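A.B. asks: Predicted structure and sequence below. I'll ask about it afterward.
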Protein chains: 2
Amino acid sequence: MSIGKSLAEARELSQLMIDAADLSKDVFSNIAQELNIPVSLARAICLLETPAPMTELAARLACDKSYITPLADQMESLGLINRVPGADRRTKLLELTPKGKAVRKSLGEKVAEFSPVMVALNSAERATFMKLLAKIVKP
Amino acid sequence: MSIGKSLAEARELSQLMIDAADLSKDVFSNIAQELNIPVSLARAICLLETPAPMTELAARLACDKSYITPLADQMESLGLINRVPGADRRTKLLELTPKGKAVRKSLGEKVAEFSPVMVALNSAERATFMKLLAKIVKP
DNA sequence: TATTGTTATACTCTATAACTATA
DNA sequence: TATAGTTATAGAGTATAACAATA
């Protein structure tokens, strides 16, 4: 294969992958918007299946802990979580309220229904896609 | 298939796809950094195979034209492009200098060599991957 | 001394709106 | 009137650093 060709292939394939990821994020944003939840909060809510310390949530979101405080403030003021005592007196767990759990369930259902990978690919294709993605991400 | 299972699959697959795209972007950022080019400029340079009006570059980068001016300023001050007259007296074309072309060539070569999709997948796998991505993005 | 969460601040990226000059 | 590029400004999203309480 010529160098020029692999160059073009690398660019095209990388760009297509980025486009697909962006599309997936856009769909998630739209789902969050329909539920009247800022998308940053929706992401956090998805990661709160069980109560978690704020530092742990920061790790899951791959962001700084200082970013979590205003996020938690917003979720709290929307009645989606409560700050409950943790192992320490330092630690606060973010725990979904019943309303928060309902929102999380709705998010999950809509993601399963409208996520581009679910809409565009059948079960066998998704299995293949998963294997290829794992190869790209893992090494 | 249970609803719970497809929900988990949707999330896992979407997240993996986003992770793969982020990895690809990180690799590109590192390549740009090694060449001492801000990544925003590197992206633009890749799209300037032939001289293009600034509005056209904005369209290719999917951004507002007002974002192009400072980008062009930086590229110009680094000696990577020149603003040359276009069809109109309004239009300016961004044209890579010899240095700009050399940087673009280096970028292309490194992308072809280090892009995660190229590193992780063989030719047949890339063909499959491309088809699946096209299905996700196109419809 | 190290860690949890908070606060205040600052930075990066990008867009909006108003402007100039052409068309 | 519409278009190309520019300018000034503003906003979203996120990080850094210093701090308080606790360990």
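C.D. replies: In hand now; what should we look at?
A.B. asks: Residue A:20: neighbour count?
C.D. replies: Using other Cβ atoms under 10 Å in any protein chain shown, residue A:20 has 26 neighbouring residues. Every C-beta, even on glycine, is put in place using the N, C-alpha and C of the backbone.
A.B. asks: Contact partners for it?
C.D. replies: Going by Cβ atoms under 8 Å, 6 or more residues apart in numbering or on different chains, residue A:20 touches A:116, B:17, B:21, B:133, B:136-137.
A.B. asks: Would you mind putting those residues into JSON lines with distance to residue A:40, neighbour count and pLDDT alongside?
C.D. replies: Below are the contacts of residue A:20 laid out as JSON lines (distance: Cβ to Cβ, whole Å; neighbours: other Cβ atoms under 10 Å in any protein chain shown; pLDDT from 0 to 100):
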{"residue": "A:116", "distance to residue A:40": "21", "neighbour count": "23", "pLDDT": "97"}
{"residue": "B:17", "distance to residue A:40": "20", "neighbour count": "27", "pLDDT": "97"}
{"residue": "B:21", "distance to residue A:40": "19", "neighbour count": "25", "pLDDT": "97"}
{"residue": "B:133", "distance to residue A:40": "27", "neighbour count": "24", "pLDDT": "98"}
{"residue": "B:136", "distance to residue A:40": "24", "neighbour count": "24", "pLDDT": "97"}
{"residue": "B:137", "distance to residue A:40": "25", "neighbour count": "19", "pLDDT": "95"}
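A.B. asks: which of those sit farthest apart?
C.D. replies: Using Cβ to Cβ, those span at most 12.8 Å, a distance reached by A:116 and B:21.
A.B. asks: pLDDT at the residue nearest the centre of chain A, what is it?
C.D. replies: With distances taken as Cα atoms, centre = their mean, chain A has residue A:43 as the residue nearest its mean C-alpha position (4.6 Å). For residue A:43, the model assigns a pLDDT of 97.
A.B. asks: Quickly find the element holding it.
C.D. replies: For residue A:43, the host element (DSSP states H and E) is helix A:39-46.
A.B. asks: Next SSE downstream of that helix?
C.D. replies: Next element after helix A:39-46 (DSSP H and E): strand A:52-53.
A.B. asks: and the longest helix along chain A, is it in reach of DNA strand D?
C.D. replies: Taking DSSP state H as the criterion, chain A has its longest helix at helix A:3-34. No. If you take Cβ under 7 Å from any atom of the strand as the test, helix A:3-34 misses DNA strand D, and the best it gets is 8.5 Å.
A.B. asks: Buried ones in that helix, by neighbour count?
C.D. replies: A:6-7, A:9-11, A:13-14, A:16-18, A:20-21, A:23-25, A:27-28, A:31-32 (16 or more other Cβ atoms under 10 Å in any protein chain shown).
A.B. asks: again, but for stretch A:52-62
C.D. replies: Buried residues in stretch A:52-62 (16+ other Cβ under 10 Å): A:52-54, A:56-58, A:61.
A.B. asks: Out of those residues, which two sit at the greatest distance?
C.D. replies: Using Cβ to Cβ, the buried residues of stretch A:52-62 span at most 12.8 Å, a distance reached by A:53 and A:61.
A.B. asks: For chain B, what's its nearest residue on chain A.
C.D. replies: Per Cβ to the nearest Cβ, residue A:21 is where chain A lies closest to chain B, at 3.6 Å.
A.B. asks: Find me whatever residue is spatially closest to that residue, sequence neighbours aside.
C.D. replies: By the measure of Cβ to Cβ, 6 or more residues apart in numbering or on different chains, the closest residue to residue A:21 outside its immediate chain neighbours is residue B:21, 3.6 Å from it.
A.B. asks: just residue A:14 next, same as before
C.D. replies: Leaving aside its chain neighbours, residue A:14 sits nearest to residue B:24 (4.8 Å; criterion: Cβ to Cβ, 6+ apart).
A.B. asks: can you list the weak-confidence ranges in chain A?
C.D. replies: Flagging of chain A using pLDDT under 70 yields the residue ranges A:1-5, A:139.
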